[in-house]
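Trainee: Sequence plus predicted model, see below.
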Amino acid sequence: MRDAATVAERLAGHLAATVTAMVAAAPAPVAPVYVSWGAAAEVATCPPRYRAAGEAGWRFPGWAPATAGAAAGRAALDHHLQATTPPAGPPPLPAPLEAVRSWMRSGTAVGAPGVAGWVAELRVRGDGTTMAATAATAARWLAGFVRLWGWPLPSRLALLNVPREGGAGGAPRWWPARRSPVSVASGADARLGRPGRTGDLSLVVHRPSSGGDRDVHRRAAYEAAAGALALRVAPEAVVVSGGDTGERVRVVVDDDLLAAGAEMIAAVVRARVTALTAGFDPGDARPSVLCRWCEEAGRCPAGAAWLAGPGRWHAGLPVLAAEG
């Protein structure tokens, strides 16, 4: 038995001291930094690419069909549960695309928090193309989630990150200090169990597509730390599922995993502070397939060398040199 609240409190104290010290030592005021799994993965993949993102990349990135899929899928599933649960017995099994369309029609409103407000604005503007793309990604997320967890959903499973009027149900967030420019967001989709001092709680992260073991454990490390900070209780495990394969990987949360997640969070803040002086410095670039789409590829020797060498045939057609 462990005191999960004490574990989370100790993690928060350590990370708050680390982050606050980095911000205080910065050569200039640090603008708001939104630490998410996406930012942590970006820094872990290639720090210069993250540093070059600018203010827009360091804040909440905003919504797009590719990034809104999970949020819209969760919201549509929550709307289905709220709208169709009969007085007795389970709600009917949702048809994924129809459930998403129903939520888009009646569960969104301009000014609503989270992805619901964004979808409502698309509807007002008549942007059917973006709405259709978002509906497709959301339906794929919902279908895989329900297939993996069964229907009706387990009684101990509750959706997370589903904002409602009045601010309830939004993304769990943590700030290292009052008025700190840094905020850390948990990206877990659901929880199994309830927060309590014994930590009888697992966080669920569902991905439409599976990834390698390294991605699974990095994601579990980040969500374990972010969830412990935001919920003030360290989870006992993080369950990462993949909709395309139907696999569920349960990663037990221990001190090493929490430490790894805390370091990922600190690395984002460190990269943001470094950007104030170094900007885009390719000295620690880590070339990968992302070099193909990186806006800084033209002034990154490491990226250019990778594109001309291994990247020429990696992940698609060869890169062709420009004529003249």
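Mentor: Arrived safely.
Trainee: May I ask which helix or strand of this structure has the lowest mean pLDDT?
Mentor: helix 54-58 (a mean of 78; mean pLDDT, DSSP states H and E).
Trainee: which residues sit against that one?
Mentor: By C-beta atoms under 8 Å, 6 or more residues apart in numbering, the surrounding residues in contact with helix 54-58 are Ala31, Pro32, Val33, Tyr34, Ala39, Tyr50, Arg272, Ala275. To be clear about C-beta, it is placed using only N, CA and C from the backbone, and glycine gets the same treatment.
Trainee: Which of those residues fall within helices?
Mentor: Among these, DSSP state H puts Ala39, Tyr50, Arg272, Ala275 in helices.
Trainee: And the second one, how close does it get to Trp313?
Mentor: So that's Tyr50. Applying C-beta to C-beta, to the nearest Å, the value for Tyr50 to Trp313 is 27 Å.
Trainee: In terms of helices and strands, where is Ala75?
Mentor: Per DSSP states H and E, Ala75 falls inside helix 65-84.
Trainee: Ok, Arg286 next?
Mentor: Per DSSP H and E: Arg286 is located in neither a helix nor a strand.
Trainee: if we can go back for a sec, more neighbours: Tyr50 and Trp313, which one.
Mentor: The neighbour comparison of Tyr50 against Trp313 (other C-beta atoms under 10 Å) goes to Tyr50, with 24 against 10.
Trainee: per-residue confidence at the more buried one?
Mentor: Listed pLDDT for Tyr50 reads 92.
Trainee: One more: Gly211?
Mentor: pLDDT recorded at Gly211 is 70.
Trainee: ok, now Ala315?
Mentor: The predicted local confidence for Ala315 is 59.
Trainee: Next: Arg59.
Mentor: As predicted, Arg59 sits at a pLDDT of 84.
Trainee: Just give the nearest non-adjacent residue to it, would you?
Mentor: Tyr34 (5.2 Å; C-beta to C-beta, 6 or more residues apart in numbering).
Trainee: What is the burial count for the one you found?
Mentor: Neighbour number of Tyr34 under other C-beta under 10 Å is 19.
Trainee: Who is it paired with across the strands?
Mentor: Judged by DSSP bridges, the bridge partners of Tyr34 are Ser183.
Trainee: Next, format the contacts of helix 54-58 as a markdown table and append distance to Pro282.
Mentor: Below are the contacts of helix 54-58 laid out as a markdown table (distance: C-beta to C-beta, whole Å):
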| residue | distance to Pro282 |
| --- | --- |
| Ala31 | 23 |
| Pro32 | 26 |
| Val33 | 22 |
| Tyr34 | 24 |
| Ala39 | 19 |
| Tyr50 | 13 |
| Arg272 | 18 |
| Ala275 | 13 |
